[in-house]
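Enquirer: Need coordinates for the following:
(chains A and B)
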There are 2 protein chains.
Amino acid sequence: MKILALAGGVGGAKLAHGLAQVLPPQDLTIVVNTGDDFEHFGLSISPDLDTVCYTLAGLANPQTGWGLAGESWTALEQAKQLGAPGWFNLGDRDLGTHLERTRRLRDGEALSAITADFCSAWGIGPQVLPMSDQPVRTMVRTADGRELAFQNYFVELRCEPQVRGFRFAGIEAAQPAPGLLEAAAAADLVVLCPSNPWVSIAPILGLPGLPAALAAKPVLAVSPIIGGQALKGPAAKMFSELGIAPSALAVAEYYGELLTGLVLDTLDADQQEALRELGIISLATASIMQDPADRARLAAEVLEFGQSLLTHA
Amino acid sequence: MKILALAGGVGGAKLAHGLAQVLPPQDLTIVVNTGDDFEHFGLSISPDLDTVCYTLAGLANPQTGWGLAGESWTALEQAKQLGAPGWFNLGDRDLGTHLERTRRLRDGEALSAITADFCSAWGIGPQVLPMSDQPVRTMVRTADGRELAFQNYFVELRCEPQVRGFRFAGIEAAQPAPGLLEAAAAADLVVLCPSNPWVSIAPILGLPGLPAALAAKPVLAVSPIIGGQALKGPAAKMFSELGIAPSALAVAEYYGELLTGLVLDTLDADQQEALRELGIISLATASIMQDPADRARLAAEVLEFGQSLLTHA
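Expert: As a prediction, the model looks like this:
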């Protein structure tokens, strides 16, 4: 069974790691949001791509979920002594990734080609694709009438501004990364990882040609909302600020026609009836991934559920 | 006595540090070559400026003369694991300087303003000026017909290519940094530090308006050539490859009309007669600076010699 997984940051990276543990590498393609990529200190930084790759490589910081384990902070500390903004954490090892990515991008290489080389250097088996080689930048419209670059909203302002909407700057001109439409066409099942629907999955689904490529496929989402809360990040806050009570059901409604099935937490099993009325088959299970074994267990359940969707279909 | 010192990298930084030890801060302006500045990994790097500032701040690595003491190399090691070129040493602490300089340059700030802030953060008393806020790039023409960016010649190729000439790209459009012409006008004495005449001092002297500003001033050089050798770097090799026997005398002839006096090493005292015939007053002394005390001692002798030039004049 060939799987195309769409992922954002920490939550998506964990399920992607689970899928990588239970699938042969050639059967898994992971496409990662680049809408929150940005330039900082002159460096090209791809936070979701790095989180997914570091997690798949077993290099991620287990406490934070992002960044590298055993990191040091010498460079940023020196920069801060010179008055540099310290709101975005740049570890020394992590900087090595940004330096080389930036060097190759400046040389005119494609992010997808650079990512493929980094993945092989890190011993990552499955194909990891940035969603596009063209820059797409998620902009957050706020209640006070500002439009913030995503990292300024997310990290610098700690998601405090009230959200009114989003814009994915550059999305019209962006093309799906080389191999993405082919991976979509070859996929037996599409998995929307438990990432933020608004700012992690929506940019990927906004790529020209991708919705059409997924329309005929069984698409299964794992809800990032558990008991009305997001385990991490502003997903629940965004639903509320956009006038929607955050719930697994709301996630299914957000994905709408695209969605075939939803995996939600046992905490939210009471929403399965309403999902059924929406025509969404669902699976309630323990969806919080505490450790790599949890990730593999949830991934196996997701694939088994997907398998059942295929036979239903 | 107000001093304007022209400096390049390690040798120039040592005498600049000596002058800073023996002069009141308000009486010393140090103008630093930016012709070997370059962009690497997307960062704006100013090697001579950093060497001078790190040396004045007492932060320089005493073994190498460049870079920071107690440096670590985590970021570059990580980048090299991803295939990055390792020919230019980028320490973690040093990276902090490049990150913040790059951030502010990208924000449209002037290198001279950034340098002034860095100097105050590092507790540096004298005024340190990059030679210009506009980019000037030293290009090295080689015997095999190439034109190499300076850092590629100097660091990557370890000065191996035979030199045929130099070009300071952008010099026509470059303006002396704000305050430089004023410091030149106010100077009682100009000191050409023991830096490479061809690639450290020449770019500064090539700035529009600077030769005119220095023409009426007593200008004293400290020879970077001792016993026919350069203590550090390719100065002697460059003289030879350009068909000139490297010597203190050759340094004086290189500076020509501009020069009033030359400080040379006691090893080269036999050249004082020929210098006198050239109309160059000279002082022979121990000019190798082993430690900060040597720097202060040589600086004091240079100033005393300069004082005598003033009374002669």
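
Enquirer: In terms of secondary structure, what does the helix or strand harbouring A:Thr51 contact?
Expert: A:Thr51 is part of helix A:47-56 when elements are defined by DSSP states H and E. Helices and strands touching helix A:47-56, by 3 or more Cβ pairs under 8 Å, 6 or more residues apart in numbering or on different chains; DSSP states H and E, are helix A:10-22, strand A:28-32, helix A:111-121, strand A:127-130. To be clear about C-beta, it is placed using only N, CA and C from the backbone, and glycine gets the same treatment.

Enquirer: can you put those in CSV and add mean pLDDT, mean neighbour count and distance to B:Ser44?
Expert: Shown next, in CSV, are the helices and strands packed on helix A:47-56 (pLDDT from 0 to 100; neighbours: other Cβ atoms under 10 Å in any protein chain shown; distance: least, Cβ to Cβ, whole Å):
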stretch, mean pLDDT, mean neighbour count, distance to B:Ser44
helix A:10-22, 97, 25, 33
strand A:28-32, 98, 27, 29
helix A:111-121, 98, 19, 22
strand A:127-130, 98, 24, 26
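
Enquirer: could those be laid out in CSV, adding distance to chain B?
Expert: Listed next are the helices and strands packed on helix A:47-56 as CSV, based on distance: least, Cβ to the nearest Cβ, whole Å:
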stretch, distance to chain B
helix A:10-22, 19
strand A:28-32, 17
helix A:111-121, 5
strand A:127-130, 14
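
Enquirer: Select, out of these, the one closest to A:Gly65.
Expert: Among the helices and strands packed on helix A:47-56, helix A:10-22 comes nearest to A:Gly65, with 3.6 Å by Cβ to Cβ.

Enquirer: Extract the C-alpha set from that closest one and format it as CSV.
Expert: What follows is helix A:10-22, C-alpha atoms only, in CSV (Å, rounded to 0.1, in the frame of the first residue of the first chain):
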residue,chain,number,x,y,z
VAL,A,10,5.9,18.5,15.5
GLY,A,11,2.6,16.6,15.4
GLY,A,12,2.9,15.7,11.8
ALA,A,13,6.6,14.8,12.2
LYS,A,14,5.7,12.3,14.9
LEU,A,15,3.1,10.4,12.8
ALA,A,16,5.4,10.6,9.8
HIS,A,17,8.0,8.9,12.0
GLY,A,18,5.5,6.3,12.9
LEU,A,19,4.6,5.6,9.3
ALA,A,20,8.4,5.4,8.5
GLN,A,21,8.7,2.7,11.2
VAL,A,22,6.0,0.5,9.8
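
Enquirer: quick one: the helix holding A:Thr51 to helix A:111-121, angle?
Expert: Computed by axes from the mean of the first three to the mean of the last three Cα atoms, to 10 degrees, the angle separating helix A:47-56 from helix A:111-121 equals 20 degrees.

Enquirer: now the angle between strand A:28-32 and helix A:47-56, please.
Expert: 150 degrees.

Enquirer: Can I get the helices and strands packed on helix A:47-56 in CSV including distance to A:Gly145?
Expert: Below are the helices and strands packed on helix A:47-56 laid out as CSV (distance: least, Cβ to Cβ, whole Å):
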stretch, distance to A:Gly145
helix A:10-22, 30
strand A:28-32, 31
helix A:111-121, 32
strand A:127-130, 31
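
Enquirer: Please name the nearest non-neighbouring residue to A:Arg164.
Expert: A:Arg141 (4.7 Å; Cβ to Cβ, 6 or more residues apart in numbering or on different chains).

Enquirer: surely the one you found meets A:Gly165?
Expert: Yes. In this structure, A:Arg141 is within contact of A:Gly165 by Cβ atoms under 8 Å, at 4.3 Å.

Enquirer: could you show me where the helices are in the stretch 151-300 of chain A, in order?
Expert: Here the stretch 151-300 of chain A has its helices, by DSSP state H, counting those that start in this stretch, at A:180-186, A:202-205, A:210-215, A:235-241, A:248-255, A:272-277, A:292-312.

Enquirer: Which among these is found nearest to B:His17?
Expert: helix A:202-205 (52.5 Å).

Enquirer: Tell me which other helices or strands the closest one touches.
Expert: With contacts taken as 3+ Cβ pairs under 8 Å, 6+ apart, helix A:202-205 sits against strand A:163-169, helix A:210-215.

Enquirer: Reformat the ones you listed as CSV; add mean pLDDT, distance to B:Thr311 and mean neighbour count.
Expert: As requested, the helices and strands packed on helix A:202-205 are exported to CSV (pLDDT from 0 to 100; distance: least, Cβ to Cβ, whole Å; neighbours: other Cβ atoms under 10 Å in any protein chain shown):
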stretch, mean pLDDT, distance to B:Thr311, mean neighbour count
strand A:163-169, 97, 68, 17
helix A:210-215, 95, 82, 16
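
Enquirer: closest one to A:Leu242 among those?
Expert: Nearest to A:Leu242, of all the helices and strands packed on helix A:202-205, is strand A:163-169, at 6.5 Å by Cβ to Cβ.
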